[in-house]
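Student: Dropping a prediction and its sequence here:
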Amino acid sequence: MKIRFYILTILLFTATLLHAQDARLTATVASTQVATGEQFEVMFSINTNGDHFAPPDFNGFRILAGPNISTSMSSVNGVTTMSNSYSYYIMAEKEGSYTIAPATIFVNGRRLTSNGLTIKVVKGRPVQQQRQQNMQAGGNAQAAAPAEADMAKNLFMRAVADKTDVYQGSQITVSYRLYTRVDLLDSQVDKIPDLNGFWSQDVKNSKEQQVRWHIETYKGQRYNVADIKQTILFPEHAGNLTIDPLGMTFLARVPVAPRNEIEAFFGGGSTEVKQKVKSAPVTIHVKPLPEAGKPESFTGAVGKFSIEASVDKSELKANEAINYRVKVTGSGNIKLFKDLSTNFPADFEKYDPKITDTITESINGVSGSRVYNYLLIPRHQGSFTIEPLKFTYFNPNTGKYVTLTTKAFPVKVNKGDNEANVTAFTADKQDIKVLDKDIRYIKTGDTELAEEGDGLFGSGLYYLLLTVGPIACAAAFVYRNKNRKLNSDVVKVKSRRAGKMAAKHLASAQKQLQANNTKAFYEDVFKGLYGYLSDKLNISYADLNKETIASNLKTRNLDDQLTRQLLDTLDLCEMARYAPVTHISQQEVFDKARGIINDIESKI
Amino acid sequence: MKRILYIILWLALPLLSFADNNTTASFEKGNALYAKSNYKEALEVYKKLIGEGYQSTALYFNMGNASYKTGDIPSAILYYEKAHKLSPGDKDISFNIQYANQRTTDKVVEAPEFFITKWWKGFILALSLNTLSVMSIVLVLLASVSLIVYFFSEALTLKKGAFYTAVSLFVICLLFVFIANRQAAYFEGHKQAIVFTASVTVKSAPAEKAGNLFILHDGTKVNVLDTTNGWTKVQLANGNEGWLKGNDIKEI
């Protein structure tokens, strides 16, 4: 209020001065307290004609418009009052207390100075820093070469990213945009941004070489705007990455105040200015891809894709080629794809895929398709399956991993024409020594065909045959021992042999009987009986007589009748050797002797 | 005594029973077809004989040859190996096996064997099981005869000679039985098979989903270690082991 009071006082003074035709320059402002970002008007007014108005240096303020010059003239009671005013629209950028220095003007060769103004700036809307405020406008301004600061206002470049908070691998479109309010004559690029940490892909304007201009309002000013360079960036690692500035040098035609009437007639003068322009760096915050739920098949594809696979044939001969084609379509870092995790039958010969990209870069990002063409050669017959292919990408819009799966393809491989001549396989078998030229001929001689079975070894027959020998041996052994035992007892052996010996003698006797040799016959019968008894009774031939025979037979419990009969026959034989016997025939004697031996044999 | 002889003769008769004329004629016919390079027909004839239940080293060997000539290497190797099993010491068979193996895809370097193991293998496989069996029987009979001679002979020299002959013959016979036993145990313990599928992936476990270990091709010989649920555990000569489906291989 105090300030207002002062101003009012000053104005009152001015009025009195005007009245006294006294020239005065006055600076006025609607309010001495303003907020940052608020536009307000500062007016310098003079009550007479003046020239060479020099505005003060608006330190701490930005000039938005001005000076606007107005002239008013009034005649009251013959007194002509004239008033000129220079007004500026300015804006405070920072809080604080600022002083607007006095302005000067020359009236009739006299230099007039205005009053200074103190403006208190309070916090208001934030204001983007702009380096310079001074703005020269044509018209009545002093003819001087435009300052660098003015050029920066009229010609500058911005790097505009469509996103500043992205996932690693997702695409960002960055436009280097030129803003100009002056005519440009020539341009040259000083420094192409390195774009470290990004994989970049320039958007090509295929239709036109020239940049396209359009009009855009930026910070309350209208500019001619052109996109100098558009780049699609794929951040390669997480963190805060900086997009490097683009530096360019322009040759601009800047209008200046006409130096003379002729220049003014032709629309004002102009001058050529060389201006270096650099965009401000932009920081991109790159988030790492989420580890949670990251599938194994993920190899770094980020974007949105679809996949399809096909084979050119499902049945072929060994050593023929088959093409397996995988097409990935979508938008994202297609060019950064690693090889697909194909799952071919291990016995297929597999060659590196032929990769064909059909990719367009537009302001919306990189999109298109990539075709993988795999050449496979099955080397052996059989039924194979090309297993489904898994392709995983990260969708940055949803923040999730998506896994796509292709179809499985059954492949039937028939026997090839010359499977044996696969050089690829025989080449590494060289170290086998070369043998003959052919296999050995068939066996023709022996035709010992046998019934199939378990074979002789281990069969029951085998063991039986194997034991036959030992069993025979054992039997022979037992038999021999028994034999030996029997033969070891001489008496028994003699006794056993007695019958045989007797039979021998009797057989001889029978011969004599048939030969009618009476004497020999009786001798043989006698010998037979005596020998038999000697053996049987184990009495030596010399000790043998009727008494010993009788007693011996008695001890062996032979019945008396048989003993008497034996003794009688012995007597008869003894007698018949010397005298002919008539009462009994030779045949009867023979039968009798045999009968006796048989009887004794059966009884003893 | 005579009766025992008859029994022995009666028991020994099947050993000497040769195939009847009909099968011999078939075999000869197959050989004749082979000689005229009609390998397929020859193989048919041989196969018919096998189908009738006959087998022999020569038959399997000839079948292997016929299969080889028709280009069926896995079958050829299978038949050769069968012949080899019947007659392990046969040089022709070993040669043809080696020769046919040159035509197979897989080269398997055999793990080196300890030399004593090698000698032992050669020793027990020198003669066929049938030969060993017949010889052991003949030897035991001869030994028995000489022992019996020893039992009953009276002359001292004869008795002495017969005794030592009998003892040495028995020892040799026991050795033969032992070798035959070892050989039978060897083939029992070393079941082998030939891969018949052109290409088969050997898995780490008896399941389709199991990891792949290596690939075998037809004609490769493998040792059969185990069998479960239609899967067979096999071992290569170089010591690698894995599972494959039972119908991919044919046992020798």
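Tutor: Arrived safely, thanks for sending.
Student: Every contact and neighbour count from this point should use C-alpha atoms.
Tutor: OK.
Student: residues near residue B:229, how many?
Tutor: By the criterion of other C-alpha atoms under 10 Å in any protein chain shown, residue B:229 has 9 neighbours.
Student: near chain B, which residues of the stretch 501-604 of chain A?
Tutor: For the stretch 501-604 of chain A, the contact set with chain B under C-alpha under 8 Å from any C-alpha of the partner chain is empty.
Student: so whichever residue of the stretch 501-604 of chain A sits closest to chain B is in which element?
Tutor: Among the residues of the stretch 501-604 of chain A, residue A:501 lies closest to chain B, at 24.9 Å counting by C-alpha to the nearest C-alpha. Residue A:501 is located in helix A:490-514, with elements delineated by DSSP states H and E.
Student: Helices along the stretch 451-600 of chain A, start to end?
Tutor: In the stretch 451-600 of chain A, the helices defined using DSSP state H, counting those that start in this stretch lie at A:460-488, A:490-514, A:518-537, A:546-555, A:560-576, A:586-603.
Student: Chain B too?
Tutor: Assigned by DSSP state H, chain B shows helices spanning B:2-12, B:21-35, B:39-51, B:57-70, B:73-86, B:91-101, B:115-124, B:129-152, B:156-189.
Student: What mean pLDDT does stretch A:541-551 get?
Tutor: The average pLDDT for stretch A:541-551 rounds to 80.
Student: which residues touch it?
Tutor: With contacts defined as C-alpha atoms under 8 Å, 6 or more residues apart in numbering or on different chains, stretch A:541-551 is touched by A:530, A:531, A:533, A:534, A:563, A:567.
Student: on that earlier part again, so which of the helices of the stretch 451-600 of chain A comes closest to residue B:158?
Tutor: helix A:460-488 (16.7 Å; C-alpha to C-alpha).
Student: Show the average pLDDT along the closest one.
Tutor: 85.
Student: How far does that helix sit from its chain's centre?
Tutor: For helix A:460-488, the separation from the chain centroid amounts to 78 Å (computed by C-alpha atoms, centre = their mean, to the nearest Å).
Student: Then stretch A:556-572?
Tutor: Counting by C-alpha atoms, centre = their mean, stretch A:556-572 comes out at 123 Å from the chain centroid.
Student: Adding mean neighbour count and mean pLDDT, write the helices of chain B out as a markdown table.
Tutor: Shown next, in a markdown table, are the helices of chain B (neighbours: other C-alpha atoms under 10 Å in any protein chain shown; pLDDT from 0 to 100):
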| stretch | mean neighbour count | mean pLDDT |
| --- | --- | --- |
| helix B:2-12 | 12 | 60 |
| helix B:21-35 | 17 | 84 |
| helix B:39-51 | 19 | 88 |
| helix B:57-70 | 26 | 89 |
| helix B:73-86 | 26 | 89 |
| helix B:91-101 | 19 | 87 |
| helix B:115-124 | 12 | 87 |
| helix B:129-152 | 22 | 89 |
| helix B:156-189 | 17 | 89 |
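Student: What are the boundaries of the strands in the stretch 251-400 of chain A?
Tutor: With DSSP state E, counting those that start in this stretch as the criterion, the stretch 251-400 of chain A has strands at A:269-278, A:282-287, A:298-311, A:315-317, A:322-332, A:348-350, A:354-362, A:365-378, A:382-386, A:390-395, A:400-405.
Student: could the ones you listed go into TSV alongside distance to residue A:495?
Tutor: Formatted as TSV, the strands of the stretch 251-400 of chain A follow (distance: least, C-alpha to C-alpha, whole Å):
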stretch	distance to residue A:495
strand A:269-278	151
strand A:282-287	128
strand A:298-311	110
strand A:315-317	100
strand A:322-332	107
strand A:348-350	100
strand A:354-362	117
strand A:365-378	100
strand A:382-386	93
strand A:390-395	110
strand A:400-405	111
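Student: how about these, which one is nearest residue A:444?
Tutor: Here strand A:382-386 is closest among the strands of the stretch 251-400 of chain A (C-alpha to C-alpha), at 36.7 Å.
Student: Now do the same contact list for the closest residue to chain B within the stretch 51-200 of chain A.
Tutor: Nearest residue of the stretch 51-200 of chain A to chain B: residue A:169, at 33.0 Å (C-alpha to the nearest C-alpha). Listed by C-alpha under 8 Å, 6+ apart, the contact partners of residue A:169 are A:234, A:235, A:236, A:237, A:300, A:301, A:302, A:333.
Student: rewinding a little: among the strands of the stretch 251-400 of chain A, which comes closest to chain B?
Tutor: strand A:382-386 (6.3 Å).
Student: quick one: strands adjacent to the closest one?
Tutor: strand A:409-414 (antiparallel) (DSSP bridges).
Student: Hmm, residue A:81 and residue A:71 touching each other?
Tutor: No - using C-alpha atoms under 8 Å, residue A:71 is not in contact with residue A:81; the gap is 10.9 Å.
Student: I'd like the distance between the residue nearest the centre of chain B and chain A.
Tutor: Among the residues of chain B, the one closest to the centroid is residue B:85, at 1.4 Å (C-alpha atoms, centre = their mean). Separation of residue B:85 from chain A (C-alpha to the nearest C-alpha, to the nearest Å): 12 Å.
Student: so who does that residue touch?
Tutor: B:128, B:187.
Student: where's residue A:73, which helix or strand?
Tutor: strand A:61-76.
Student: Buried ones in that strand, by neighbour count?
Tutor: A:61, A:62, A:63, A:64, A:65, A:66, A:67 (16 or more other C-alpha atoms under 10 Å in any protein chain shown).
Student: what does stretch A:81-98 give?
Tutor: Buried-residue list, stretch A:81-98, by 16+ other C-alpha under 10 Å: A:82-95, A:98.
Student: Between the residues you listed, which sits nearest residue A:160?
Tutor: For the buried residues of stretch A:81-98, the nearest to residue A:160 is residue A:93 (23.8 Å; C-alpha to C-alpha).
Student: so what's that closest one closest to, chain neighbours aside?
Tutor: Leaving out its chain neighbours, the residue that sits closest to residue A:93 by C-alpha to C-alpha, 6 or more residues apart in numbering or on different chains is residue A:36, at 5.3 Å.
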